[in-house]
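A.B. asks: how would this look folded up:
(chains A, B, C and D)
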2 protein chains.
Amino acid sequence: MNDASKVNPETRERVQKAMRKLGYQPSRVAQRLRATKGRSKLLGLIIPDIQNQFYSNIVRGVEDVAYGKDYAVILCNSDENPNKERFYLDVLQSESVDGVILPPIHQYSKVVEGLVEAGVPIVCVDRKLVREAVDTVVINNQKGGFIAVDHLIELGHKRIAILSSSSQFSSFEERQKGYEEALKASGINVDPDLIREGDPRSSENARELTKELLALESPPTAIFATNNLMTLGALEAINEAGLKIPRDISVVGFDDMPWAKAITPPLTVIKQPGYEMGRRSAELMFQRVADPGREPVQITMEPSIIVRQSTGKVKINKK
Amino acid sequence: MNDASKVNPETRERVQKAMRKLGYQPSRVAQRLRATKGRSKLLGLIIPDIQNQFYSNIVRGVEDVAYGKDYAVILCNSDENPNKERFYLDVLQSESVDGVILPPIHQYSKVVEGLVEAGVPIVCVDRKLVREAVDTVVINNQKGGFIAVDHLIELGHKRIAILSSSSQFSSFEERQKGYEEALKASGINVDPDLIREGDPRSSENARELTKELLALESPPTAIFATNNLMTLGALEAINEAGLKIPRDISVVGFDDMPWAKAITPPLTVIKQPGYEMGRRSAELMFQRVADPGREPVQITMEPSIIVRQSTGKVKINKK
DNA sequence: ACAATTAATGAAAACGTTTTCATAAAGTCA
DNA sequence: TGACTTTATGAAAACGTTTTCATTAATTGT
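C.D. replies: Alright, predicted model coming up:
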């Protein structure tokens, strides 16, 4: 049934026939129980929240590669909650998955580090683990932040705000670093008043932060939102304030969501290849399963800017 | 370890201690292999595409309920492809999941019907199965279509177009039925020219259909898009045509996506409770697993209209 | 105090595979 | 032909649990 090479062709045919006749389907559970490590046909995938489209892109990428290899995927939502992360890691181990793909909640995660050291195949996607060498797929977040802000600077903006994350996720930290780098490179002071850190999981928080920004004595002429939900919150607040984009304020979003080009005005964004990141993660995972000894690699993908119509030259009287 | 009731308390304590000491974690695989039906701690979930936010809402609802019961979820994307659907159903059976939740691709699906009859716990969500009595969670799609169109009629619109699905998914058929019902109830002729059926999986197709609509000799004054992706396509086409919403044309979308209230103008939509549908589906599933004999039920949830600013009174000179 | 019931315990079977091992059959070589 | 290798085959062990069964210990009733 399994190793076709070392068996008599006619015997094989006889077996195949019997299988069809009986409608026999091997139990993947029993196979997994008996199988040696690396043949469980099951992958674990832990993400913060499937309702965040960025992560559903990653999930789809993983799933498509898994499908091609006859693997199934167990999906887990961590809600950025380390306890849930740990719980699911336990469950997945208990399920004997061949490996786990996840954006680790913390850059220094004892739990995840422990698994890596224990030889459990782990692939980090979207976020890095600092202390442990592990297969990783990320984008160049700092560059993403840089090109977003640089684009605004070229349009003449000087008061550029950023909506970033209050939690220490590597991706947001780096995007913010890129923001500061771009400002400094153009000799613009980094004004702490324009740096707002909030919860990247909901647009609601970003909406409030944007309101605060707009209420400043000297409000920003442009806003850089560092993920899709924060972008939504910013847009909402700007709408409510009755401001027109890009006439009154420019906006750069992070991640090119399906709605970005459909809205008025179409949104300028930093594009990150979520689906492709998922695919690459899964591919790294299968490579590791096939060869547990190989050196961990880090794949860094390049973000790019898509200039649409939400960014315009800064108003002259504002200078 | 398992049945705490019938064991000597101090023996139990002794066992617990040993478990902690050894860091023992039971293998869910072995448990599943041995367990009787209904205790596998694993659920299957097949959806057309996780990148469609409506489905990620459902997934999240399912996952949250499953998490509460210590269940894990295997996620599968069918791409509306019956072969993939069948493939995954086989895989899930082979994985001994306790049951499968899915929107069946076809209303008459031999495969799914077969499983229902074979006693495999199945819950249909979003779409129905016609020939077989099975636990189902849907919304009142016809009513959804009706209130969308009725709202437009009340604003004076007479030429109302609909973007619907060319494939026979029960949900789209019913929404379209609601559209026609509303028109007829107000004595408005159903103009076949205003009914455009396309692929609900991508916005691209809807964009083209909308372009066609706008190019009509007597173009519609309002468009009802029957799912979130088609809404996006419609918005895009309207943008490209340089038309202003709601001044030149009104739009009602289906499903209240996170971006709906952030865009300009905020979008009037028919809201469907995707997350809640997922939750209810999972609850039905657990009920069925606990009591395989109980009569199948159908839960019909109510859609509602959220009137924002993408719908306005029809232009006077247009009358 | 003895039989009868109940509770606790430990061993063995079962779940459905893959892997290993032993044996039998067939083929090769001097 | 006899010894040796290769190929085929069937039986048994193993994976890690839960369930069943038999045995022993403790409790109850007369």
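
A.B. asks: which non-adjacent residue is nearest residue A:259?
C.D. replies: Using C-beta to C-beta, 6 or more residues apart in numbering or on different chains and skipping the chain neighbours, the partner closest in space to residue A:259 is residue B:259 (4.2 Å). Where C-beta positions appear, they are placed from N, C-alpha and C, glycine not excepted.

A.B. asks: no, scratch that, I was asking about residue A:225
C.D. replies: Spatial nearest neighbour of residue A:225, excluding adjacent residues (C-beta to C-beta, 6+ apart): residue A:231 at 4.0 Å.

A.B. asks: before we move on, the earlier item: the residue nearest to residue A:259: what secondary structure?
C.D. replies: Secondary structure assignment for residue B:259 (DSSP: H, G, I helix; E, B strand; the rest coil): coil.

A.B. asks: these two touch, right, it and residue A:257?
C.D. replies: Yes. If you go by C-beta atoms under 8 Å, residue B:259 and residue A:257 touch, sitting 7.3 Å apart.

A.B. asks: What separation do you get for residue A:175 and residue B:209?
C.D. replies: 38 Å (C-beta to C-beta, to the nearest Å).

A.B. asks: Compare these two and say which is more crowded by neighbours.
C.D. replies: Taking neighbours as other C-beta atoms under 10 Å in any protein chain shown, residue A:175 and residue B:209 compare with residue A:175 leading, 28 against 24.

A.B. asks: so that one, which of the three states?
C.D. replies: Per three-state DSSP, residue A:175 ends up helix.

A.B. asks: Go ahead and confirm it touches residue A:141.
C.D. replies: Yes. Using C-beta under 8 Å, residue A:175 makes contact with residue A:141 at a distance of 4.8 Å.

A.B. asks: Could you pull up phi and psi at residue A:36?
C.D. replies: Main-chain dihedrals, residue A:36, degrees, to the nearest 10: phi -80, psi 160.

A.B. asks: Where do the domain boundaries of chain A fall?
C.D. replies: A:27-139+A:274-302, A:141-272+A:305-318 (automatic domain parsing).

A.B. asks: what about those, which gets the closest to residue B:15?
C.D. replies: With C-beta to C-beta, the closest approach to residue B:15 among the domains of chain A belongs to domain A:27-139+A:274-302: 18.1 Å.

A.B. asks: What segments of the stretch 1-150 of chain A are helices?
C.D. replies: A:9-22, A:28-34, A:53-68, A:82-94, A:110-117, A:141-154 (DSSP state H, counting those that start in this stretch).

A.B. asks: List the contacts of residue A:145.
C.D. replies: A:162, A:174, A:175, A:176, A:177, A:178, A:179, A:181, A:182, A:224, A:226, A:270 (C-beta atoms under 8 Å, 6 or more residues apart in numbering or on different chains).

A.B. asks: 7 Å instead, please
C.D. replies: A:174, A:175, A:176, A:177, A:178, A:179 (C-beta atoms under 7 Å, 6 or more residues apart in numbering or on different chains).

A.B. asks: Name the nearest residue to residue A:94, sequence neighbours excluded.
C.D. replies: residue B:28 (4.4 Å).

A.B. asks: What is the nearest of the contacts of residue A:145 to DNA strand C?
C.D. replies: Using C-beta to the nearest atom of the strand, residue A:174 comes nearest to DNA strand C of these, at 42.7 Å.

A.B. asks: Run a quick neighbour tally on residue A:269.
C.D. replies: Neighbours of residue A:269 under the rule other C-beta under 10 Å: 27.

A.B. asks: ok so it is a strand residue?
C.D. replies: Yes. Under three-state DSSP, residue A:269 falls within a strand.

A.B. asks: which of residue B:259 and residue A:257 has more neighbours?
C.D. replies: residue B:259 (28 against 25).

A.B. asks: Give me the distance between the more buried one and residue B:253.
C.D. replies: Going from residue B:259 to residue B:253 by C-beta to C-beta gives 10 Å.

A.B. asks: what about stretch A:52-68 and chain B, touching?
C.D. replies: Yes. Interface with chain B: stretch A:52-68 contributes A:53, A:56, A:57, A:59, A:60, A:63 (C-beta under 7 Å from any C-beta of the partner chain).

A.B. asks: Redo these as JSON lines? Include pLDDT and neighbour count.
C.D. replies: Output for the residues of stretch A:52-68 next to chain B, formatted as JSON lines (pLDDT from 0 to 100; neighbours: other C-beta atoms under 10 Å in any protein chain shown):
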{"residue": "A:53", "pLDDT": "97", "neighbour count": "24"}
{"residue": "A:56", "pLDDT": "98", "neighbour count": "25"}
{"residue": "A:57", "pLDDT": "98", "neighbour count": "23"}
{"residue": "A:59", "pLDDT": "98", "neighbour count": "25"}
{"residue": "A:60", "pLDDT": "98", "neighbour count": "21"}
{"residue": "A:63", "pLDDT": "98", "neighbour count": "24"}
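
A.B. asks: Could you point out which of the residues you listed is nearest to DNA strand C?
C.D. replies: Distances from DNA strand C to the residues of stretch A:52-68 next to chain B, taken as C-beta to the nearest atom of the strand, are shortest for residue A:63 (23.4 Å).
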